[in-house]
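Asks: Pasting the sequence and the predicted coordinates here, then a few questions.
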Amino acid sequence: MTTPLSKLSPANIAIAQSSQQNISISLVIGKSQHAIKKSFIHSNTENAMRGLKEKKNSHSNECQTWLDAKLSERADKLTELRNERKEAILKRLDQIGWRAEAEMMIKDYRGDIFTSHKLVSQSRKLTDYGWNCMEAELVQMLSEYQAQRLIRQRAEALESRYRLFFGLRLQIESETDLRDPFPAAGDILTDPRIEALIWDTPFDETLDDSLCRSKLLGYLPMIINEWRHGKVQEVLEILRQSRARATGSDLHLATSASSHAHLGSQTSSRSDERFEVYFPFWFTKRPLGVWMSSTLVCNDSASQVIKEIVEACNLDPETTTVRDLHLANPLIECVSCVHNIHSGRHFMSWPYLAIQHMGHPFQVNSFGAETAQMIAREVPNRDRHAVCCSHCHKTFGPGLSLFSHLKDNHGDVVGIDTLPALGDLLEIREHWYCNPRAVEPGLYKPFLYKA
């Protein structure tokens, strides 16, 4: 039975309170010890688990390393067996004359079809029975590959050789006097003598540049003479449709103007294999074509315009050549091509009038006191191939580069110690000539003049 706290003596109350405090302290201490023990057990468990996991990972890595090594060893062994089989097959092919073709197939830049073939890429040792079963199939494969390879080899060799001779022709043309007709690329590349060099040399041989240049230089005089004689006669027949008594010298006259009746690819009557192979090369590249007169017609309108220009320069239309008219360099205004008041009047050299302003009214050398001011406005032709050196036929623009060239390379012949101004070009006219193949003809470009 419990005694009420109010009936206890003070001494007993103190004893009771002290007992309660001791019980509380014991409970707290017990709980702390339990927590510490639990924490210790948990910590040991985590460490044990972590250690176990690390051991498992380490063992797993060791197993994977061992497996990778075994797989690599197995792959190396299989590769070795396949290589031994391929070499054994190559030796068999060598006995029947097909090894060289197989090695070409192995080195093919498009991929090694031979090594990856199902009959070759095996790890089994080659036996007599196995070879007898596969021989016919391999020979068939190599035969087809050889046929395709020879076709490619021929096409590549022909393209390379045509390009080689085309480049050599350009080099020689740059060193040739272009005041006389020079064959087009197609006329030279389709000549039987050049075709023989291109086609009759084995396609597995490489043509030497210096040898080909020497051969071309040897054949070229004959090719040019034969070509020039035939083409001059063709053009002369066209000119005689307008001038019945025309001779070869009339072809050089400024008034002997002609134009193309129509534009388009110039074809040839040839239909043999060699021309059919060459045809694609120049069909899409006009400079590679042959020169043909079939599209030329006399341009009587242009001839009449040029005749008026020649007469305005006090020259004789019956004797004035294209070069004479270039040297005369008449000042011409196209009256109908008047620009607005802010731009000015339209002046040009005679080739531009004959080519681009046909049918337009014009004036020549009739500008009175303003002539000097107009000439001062002339713009030199910037075409770097506008004129040619008369001595080496190298092309230049009609500026200081030409004078520097003449002084540095032909000073003893030209006899100039200082570079003259551009206006003095006509003073050394015997040392240069206008390039008949220049894109922009003449010494000067069209220009506008405003007073």
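Replies: Yes, it's here.

Asks: Tell me which helix or strand in the chain has the weakest average pLDDT.
Replies: strand 258-260 (a mean of 68; mean pLDDT, DSSP states H and E).

Asks: which element is the residue most central in space within the chain on?
Replies: Closest residue to the average C-alpha location of the chain: Arg163 at 12.8 Å, with C-alpha atoms, centre = their mean. Counting by DSSP states H and E, the element that carries Arg163 is helix 128-174.

Asks: next SSE after that helix?
Replies: Counting by DSSP H and E, the element that comes right after helix 128-174 along the chain is helix 185-189.

Asks: from what I can see Arg274 touches Leu197, true?
Replies: No. Counting by C-beta atoms under 8 Å, Arg274 stays clear of Leu197, with 11.9 Å between them. Just so you know, the C-beta spots here come from the backbone N, C-alpha and C atoms, and that holds for glycine as well.

Asks: And these two? Which one has more around it.
Replies: Higher neighbour count among Arg274 and Leu197: Leu197, with 18 against 15, using other C-beta atoms under 10 Å.

Asks: Can you classify that one by secondary structure?
Replies: The three-state assignment at Leu197 reads helix, by DSSP: H, G, I helix; E, B strand; the rest coil.

Asks: mind listing what it touches?
Replies: Listed by C-beta atoms under 8 Å, 6 or more residues apart in numbering, the contact partners of Leu197 are 161, 165, 207, 212, 215.

Asks: Buried only: go through those residues for me.
Replies: Among those, the ones that count as buried by 16 or more other C-beta atoms under 10 Å are 161, 165, 212, 215.

Asks: which stretches of this structure have low pLDDT?
Replies: Within the chain, the segments meeting pLDDT under 70 span 1-44, 259-271, 280-289, 338-342, 382, 399-400, 415-426, 441-442, 451.

Asks: Got the domain ranges for it?
Replies: 157-298, 317-449 (automatic domain parsing).

Asks: Would you reformat those as JSON lines and include distance to Thr127?
Replies: Below are the domains of the chain laid out as JSON lines (distance: least, C-beta to C-beta, whole Å):
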{"stretch": "domain 157-298", "distance to Thr127": "36"}
{"stretch": "domain 317-449", "distance to Thr127": "71"}
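
Asks: Specify the stretch among those domains that is closest to Gln95.
Replies: Ranking the domains of the chain by their distance to Gln95 (criterion: C-beta to C-beta) puts domain 157-298 first, at 23.6 Å.

Asks: right, and out of the contacts of Leu197, which lies closest to Thr190?
Replies: Phe165 (10.5 Å).

Asks: Wait, that closest one touches Lys215, no?
Replies: No. Phe165 lies out of contact with Lys215 (C-beta under 8 Å); the separation is 9.3 Å.

Asks: so how far is Leu211 from the residue nearest to the centre of the chain?
Replies: Going from Arg163 to Leu211 by C-beta to C-beta, to the nearest Å gives 16 Å.

Asks: Glu234 too?
Replies: With the distance defined as C-beta to C-beta, Glu234 ends up 34 Å from Leu211.

Asks: Those two: which has the busier surroundings?
Replies: Between Glu234 and Leu211, counted using other C-beta under 10 Å, the more crowded position is Glu234 (15 against 10).

Asks: Would you map the strands across this structure?
Replies: Taking DSSP state E, the strands of the chain run over residues 258-260, 296-298, 332-334, 345-348, 362-364, 379-380, 387-389, 395-396, 432-434, 444-445, 447-449.

Asks: Mean neighbour count added to those strands, as JSON lines?
Replies: Supplementary listing: these in JSON lines, determined by neighbours: other C-beta atoms under 10 Å:
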{"stretch": "strand 258-260", "mean neighbour count": "15"}
{"stretch": "strand 296-298", "mean neighbour count": "16"}
{"stretch": "strand 332-334", "mean neighbour count": "21"}
{"stretch": "strand 345-348", "mean neighbour count": "22"}
{"stretch": "strand 362-364", "mean neighbour count": "17"}
{"stretch": "strand 379-380", "mean neighbour count": "14"}
{"stretch": "strand 387-389", "mean neighbour count": "23"}
{"stretch": "strand 395-396", "mean neighbour count": "19"}
{"stretch": "strand 432-434", "mean neighbour count": "21"}
{"stretch": "strand 444-445", "mean neighbour count": "19"}
{"stretch": "strand 447-449", "mean neighbour count": "16"}
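
Asks: And Val335, how far from Phe362?
Replies: Between Val335 and Phe362 the computed distance is 6 Å (C-beta to C-beta).

Asks: Also Leu331?
Replies: In terms of C-beta to C-beta, Leu331 sits 11 Å off from Phe362.

Asks: before we move on, what about Gln153?
Replies: For Gln153, the distance to Phe362 - C-beta to C-beta - is 60 Å.

Asks: All the helices of the stretch 251-400 of the chain, in order from the start?
Replies: Assigned by DSSP state H, counting those that start in this stretch, the stretch 251-400 of the chain shows helices spanning 273-283, 300-312, 322-328, 350-356, 371-376, 400-414.

Asks: okay, those in TSV with distance to Ser294 next?
Replies: Listed next are the helices of the stretch 251-400 of the chain as TSV, based on distance: least, C-beta to C-beta, whole Å:
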stretch	distance to Ser294
helix 273-283	16
helix 300-312	19
helix 322-328	23
helix 350-356	21
helix 371-376	42
helix 400-414	37
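
Asks: quick one: which of those helices is nearest Gly248?
Replies: Ranking these by distance to Gly248, with C-beta to C-beta as the measure, places helix 322-328 first at 14.8 Å.

Asks: how far does the closest one sit from the chain's center?
Replies: Mean-position distance between helix 322-328 and its chain equals 38 Å (C-alpha atoms, centre = their mean, to the nearest Å).

Asks: just stretch 216-224 next, same as before
Replies: Using C-alpha atoms, centre = their mean, we find the averaged C-alpha position of stretch 216-224 to lie 29 Å away from the chain's own average C-alpha position.

Asks: Buried ones in that stretch, by neighbour count?
Replies: So, applying 16+ other C-beta under 10 Å, buried residues of stretch 216-224: 216, 219-220, 223-224.

Asks: can you check stretch 326-335 too?
Replies: Neighbour-count burial for stretch 326-335, counted by 16+ other C-beta under 10 Å, picks out 326, 328-334.

Asks: Check stretch 101-108 too.
Replies: Along stretch 101-108, the positions that meet the burial threshold by neighbour count (16+ other C-beta under 10 Å) are 101-102, 105.

Asks: Packing partners of the helix holding Arg163?
Replies: Helix 128-174 sits against helix 10-95, helix 99-106, helix 185-189, helix 192-200, helix 209-239, helix 273-283, with contacts defined as 3 or more C-beta pairs under 8 Å, 6 or more residues apart in numbering; DSSP states H and E.
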